[in-house]
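K.L.:
coords please:
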Amino acid sequence: MEKDQPNDNILLARRSLEDIDGYELIDDWQFDHKKNKWYIKFSLTLDAQIEGKFTTNWLAFVHEKYPAGKIKIYPSKENGIEHTYLHQEFNQNTVDGIQWRTGAPCLEEPLKVVGRDNSVEEPFGSAPGRLRWYIERLMTWIHLASQNMLIPPGDPFEVPPIPATKLSNILVTAEDSKTFGFWSHHFGKSGIFYFTSIGKKNNLDVVSFFKVGKEPLKYEWGEKIPLNLGNGILGIWVLANEVPVFSQWELPQTFDQLKNVLRAQNIDLAESIKTLADTLRSSKNPLLLVGFPIPEFVGGKSCQIHWLGIRLPTLSSNEAKPPNGFRTNQIGRWRNDLKVLRNDLSLRWVETENWSLEEFSRRSMLDEQITSMAFLILGAGALGSVLVEQLAKLGVKNITLVDGDVLKGGNLVRHSLGVDDVGEGKASALQERVNNAIPYASAKGINEYFPTKVPEDIDIVIDCTGSDEVLSAIENYNWPENDIQFYSFSFGINLQKLFVYKKGSIHDFSYQDFTTQLSPWGEKDYVEHPGFKLPKEGIGCWHPAFPGRFDDVTIWSGIAVKEIEKGVNCDAIDGVSTYKIISDDDGSFSGIIKDSL
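P.N.:
Predicted structure coming up:
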């Protein structure tokens with residue numbers, strides 16, 4: 001069914017383009033039912049210093065509720081650009097019946113390359129201004145692309161986009177500045193690697209181990225991604241000297257193009273695969289990794305290896321009959337392989353992500369002084385469950401949880417575990433959850449009550465139990481002689497307060513000192529909540545069981561992390577701190593402050 005005329009805002013947007021120098025309308029608004037968007041076709045004529053005047057055709061798509069929604073502009077099949085440039089999606093042809101190619105330039109924020117010297121704020125609510133803003137940025141993008149000036153020195157380096165693919169798997173590596181030192185001696189070489197498929201749909205192919213001659217490179221993953229060489233899947237890697245692109249910023253689309261690009265870097269791809277092919281014959285659609293060095297910023301020194309994956313066709317089996325005139329040996333099998341590794345073979349690129357801890361840290365983690373420490377958390381209840389996950393996501397890898405309780409239905413309202421974990425030991429269930437939360441976590445759960453045997457390489461002990469019995473056991477436990485900091489976190493009535501007890505050395509901890517310092521705070525808490533009655537079972541005077549919300553648990557867990565961070569960075573941390581939630585006169589949340597006696 002044909003759409004009616006576009007709305008007045010869309011018509012206004014087109015009229016606002018008429019006075020742009022170099023713009024010319026080719027076809028007025030039409031509706032594309034697959035994209036559910038309106039589009040116009042237009043040309044842009046620019047005057048380049050080298051080529052002189054040149055014209056390119058484009059199609060701009062807007063949402064039917066424009067100026068709301070996304071705007072995308074694609075090169076036209078007719079007189080549109082055919083190569084892929086920087087700040088552009090991979091530019092390839094589309095099926096018959098579609099007028100545009102796939103290579104939409106990146107014109108949105110936060111890209112500032114085409115607006116460096118003036119404001120680049122997108123006029124989101126302006127019907128006449130928003131589409132015009134995109135067209136003008138496109139013209140600047142075309143001009144800079146023609147001058148090879150899209151990314152000047154100092155801009156963040158950009159890897160080439162992969163061609164559109166129907167493959168759903170994501171290839172995961174873990175490259176950083178440390179592994180770059182290893183790879184810097186192996187440019188132009190090739191070898192095999194192991195990867196493991198994980199995820200609920202086995203849709204993550206995680207690389208764990210590279211074999212480089214007699215040298216191995218093993219990524220330092222956590223418990224979720226074991227090395228597992230016995231059951232790992234094999235692939236082939238080739239390390240190029242530079243980014244394997246041609247025609248501006250375009251990755252090869254055929255096997256022949258890839259061979260030619262690598263041959264220009266003195267790498268014989270066919271020979272590398274031939275040498276290693278027999279290791280892949282049991283693999284269905286094996287992976288080929290093509291790596292290359294990249295800098296952090298354009299013009300800077302290379303500091304990291306980036307890998308791109310290609311899904312190869314299945315190679316011939318050992319039993320396959322070779323062509324006439326060839327024996328059933330490596331040469332004969334290779335002649336069979338060449339039937340599938342044809343020059344015109346379309347490459348199936350795999351989306352690749354770098355999950356190195358260094359890369360993750362760009363989004364902010366705790367200091368390495370803390371993340372390298374070994375944590376022991378006693379108590380995997382509400383606070384312990386949130387705290388352990390926060391620590392893991394902030395970069396702490398080595399965490400041991402101790403708790404003999406099992407998860408009950410009533411725990412779910414303020415615990416990070418879910419329905420599937422009811423009846424399971426809290427510690428072991430959290431171990432699985434935390435190790436699945438981030439690929440570097442190596443959490444271990446012990447489904448026993450403390451005191452029990454715990455690892456000896458502990459740097460920090462955190463008590464989240466609220467148990468006087470556990471605190472007494474902490475004092476009497478035979479801790480290793482190394483320096484171990486101690487923290488105890490507990491809630492006030494209705495989770496309105498967090499009590500923090502800190503000791504620079506667990507060897508100096510005494511239960512008597514703990515109760516002496518915390519008792520006044522507990523008494524004050526009762527005065528502020530007159531009529532509150534303690535449950536009878538298993539509760540200490542300073543840590544009652546009471547109603548409390550999960551959002552408060554997460555707030556207090558965040559403050560606990562900051563107290564740990566402060567304690568690690570201080571020479572003397574002994575003492576007690578109390579934080580409390582304050583409310584406005586109407587009872588609504590106002591903030592959190594430090595409490596005082």
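K.L.:
helix or strand: which one has residue 192?
P.N.:
Applying DSSP states H and E as the criterion places residue 192 in strand 190-198.
K.L.:
show me which residues of that strand are buried.
P.N.:
190-196, 198 (16 or more other Cβ atoms under 10 Å). In this view, the C-beta of every residue, glycine as well, is placed from N, C-alpha and C.
K.L.:
that one pairs with which strands?
P.N.:
Here strand 190-198 has these sheet partners by DSSP bridges: strand 204-212 (antiparallel), strand 233-239 (antiparallel).
K.L.:
after the first one, which helix or strand is next? Please name it.
P.N.:
Under the assignment DSSP H and E, the closest C-terminal helix or strand after strand 204-212 is strand 215-218.
K.L.:
what mean pLDDT does that next one get?
P.N.:
Averaged across strand 215-218, the pLDDT comes to 87.
K.L.:
quick revisit: dump the buried residues of strand 190-198 into TSV; add distance to residue 495 as well.
P.N.:
TSV is the format used below for those (distance: Cβ to Cβ, whole Å):
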residue	distance to residue 495
190	58
191	55
192	54
193	49
194	47
195	45
196	41
198	36
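K.L.:
flag the shaky bits of the chain, pLDDT-wise.
P.N.:
1-3, 48-51, 109-120, 227-232, 322-326, 533-546, 571-572 (pLDDT under 70).
K.L.:
in it, which spans are helices?
P.N.:
Under the criterion DSSP state H, helices of the chain are mapped to 8-15, 127-146, 177-183, 255-263, 269-276, 330-340, 357-360, 368-371, 382-393, 426-437, 468-476, 511-528, 550-568.
K.L.:
I'd like the strands paired with strand 190-198 as JSON lines, with mean neighbour count appended.
P.N.:
As requested, these are exported to JSON lines (neighbours: other Cβ atoms under 10 Å):
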{"stretch": "strand 204-212", "mean neighbour count": "21"}
{"stretch": "strand 233-239", "mean neighbour count": "22"}
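K.L.:
nearest to residue 88, of these?
P.N.:
strand 233-239 (25.7 Å; Cβ to Cβ).
K.L.:
hmm, who's touching the closest one?
P.N.:
183, 186-197, 205, 210, 262, 267, 269, 272-273, 276, 279-280, 283, 286-292, 305, 307 (Cβ atoms under 8 Å, 6 or more residues apart in numbering).
K.L.:
work out the gap between it and the centre of the chain.
P.N.:
Distance, stretch centre to chain centre, for strand 233-239: 23 Å (Cα atoms, centre = their mean, to the nearest Å).
K.L.:
now the angle from the strand holding residue 192 to helix 269-276?
P.N.:
Here strand 190-198 runs at 70 degrees with respect to helix 269-276, directions being taken by axes from the mean of the first three to the mean of the last three Cα atoms, to 10 degrees.
K.L.:
can I get strand 190-198 in CSV? Just the C-alpha atoms.
P.N.:
The C-alpha coordinates for strand 190-198 follow below in CSV (Å, rounded to 0.1, in the frame of the first residue of the first chain):
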residue,chain,number,x,y,z
SER,A,190,51.7,-17.3,10.7
GLY,A,191,50.6,-20.2,12.9
ILE,A,192,47.7,-21.8,14.7
PHE,A,193,45.4,-20.6,17.5
TYR,A,194,42.8,-22.1,19.8
PHE,A,195,39.4,-20.6,20.5
THR,A,196,36.4,-21.7,22.5
SER,A,197,32.8,-21.0,21.8
ILE,A,198,30.8,-19.7,24.8
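K.L.:
what distance separates it from the centre of its chain?
P.N.:
Worked out by Cα atoms, centre = their mean, strand 190-198 lies 20 Å from the chain centre.
K.L.:
how far off helix 426-437 does it point, in degrees?
P.N.:
130 degrees.
K.L.:
residue 337 contacts residue 277, correct?
P.N.:
Yes - with contact defined as Cβ atoms under 8 Å, residue 337 reaches residue 277; the gap is 5.8 Å.
K.L.:
now for these two: what residues contact both?
P.N.:
In contact with both residue 337 and residue 277: residue 315, using Cβ under 8 Å, 6+ apart.
K.L.:
residues contacting residue 66?
P.N.:
Residue 66 neighbours (Cβ under 8 Å, 6+ apart): 6-7, 9-10, 13, 38, 127, 130-131.
K.L.:
I'd like the distance between it and residue 189.
P.N.:
Separation of residue 66 from residue 189 (Cβ to Cβ, to the nearest Å): 53 Å.
K.L.:
and if you look at residue 470?
P.N.:
From residue 470 to residue 189 the distance is 55 Å (Cβ to Cβ).
K.L.:
higher neighbour count, those two?
P.N.:
residue 470 (21 against 14; other Cβ atoms under 10 Å).
K.L.:
ok, the closest residue to that one other than its chain neighbours - contacts?
P.N.:
Nearest residue to residue 470, sequence neighbours excluded (Cβ to Cβ, 6 or more residues apart in numbering): residue 450, at 5.3 Å. Applying Cβ under 8 Å, 6+ apart to residue 450 gives the contacts 378, 402, 465, 470, 473-474, 477.
K.L.:
kindly recompute the last result at 6 Å.
P.N.:
Counting by Cβ atoms under 6 Å, 6 or more residues apart in numbering, residue 450 touches 378, 402, 470, 473.
K.L.:
correct me if wrong: the second one contacts residue 446.
P.N.:
When you say that, I think you mean residue 402. Yes - look at residue 402 against residue 446 with Cβ atoms under 6 Å: they come within range, at 4.7 Å.
K.L.:
higher neighbour count, those two?
P.N.:
More neighbours surround residue 402 than the other of residue 402 and residue 446, with 26 against 22 (other Cβ under 10 Å).
K.L.:
measure the more buried one to residue 375 for me?
P.N.:
11 Å.
K.L.:
try residue 268
P.N.:
Computed as Cβ to Cβ, the residue 268 to residue 375 distance reads 50 Å.
K.L.:
higher neighbour count, those two?
P.N.:
residue 375 (24 against 15).
K.L.:
chain neighbours aside, what residue packs nearest to that one?
P.N.:
residue 399 (4.7 Å).
K.L.:
right, and that neighbour touches residue 373 too?
P.N.:
No - assessed by Cβ under 6 Å, residue 399 is found out of contact with residue 373, at 9.7 Å.
K.L.:
more neighbours, these two?
P.N.:
When residue 399 and residue 373 are compared for neighbours, residue 399 comes out ahead with 26 against 21, by other Cβ under 10 Å.
K.L.:
ok, what's across the strand from that one?
P.N.:
The partner residues for residue 399, given DSSP bridges, come to residue 375, residue 443.
K.L.:
quick one: contacts for it?
P.N.:
By Cβ under 6 Å, 6+ apart, residue 399 lies in contact with 375, 388, 443.
K.L.:
related to what we said a few turns ago, who wins for proximity to residue 42 among the helices of the chain?
P.N.:
Closest among the helices of the chain, using Cβ to Cβ: helix 127-146, at 7.8 Å.
K.L.:
elements contacting that closest one?
P.N.:
In terms of contacts (3 or more Cβ pairs under 6 Å, 6 or more residues apart in numbering; DSSP states H and E), helix 127-146 is packed against helix 8-15, strand 37-48.
K.L.:
and for that helix, what's in contact with it?
P.N.:
9, 12-13, 16-17, 44, 46, 48, 67, 71, 73, 85, 105, 107, 114, 123, 150.
K.L.:
let's see it at 7 Å
P.N.:
Applying Cβ atoms under 7 Å, 6 or more residues apart in numbering, the contact partners of helix 127-146 are 9, 12-13, 16-17, 20, 22-23, 44, 46, 48, 51, 56, 58, 60, 62, 66-67, 71, 73, 85, 87, 105, 107, 113-115, 122-124, 150.
K.L.:
good, wrapping up.
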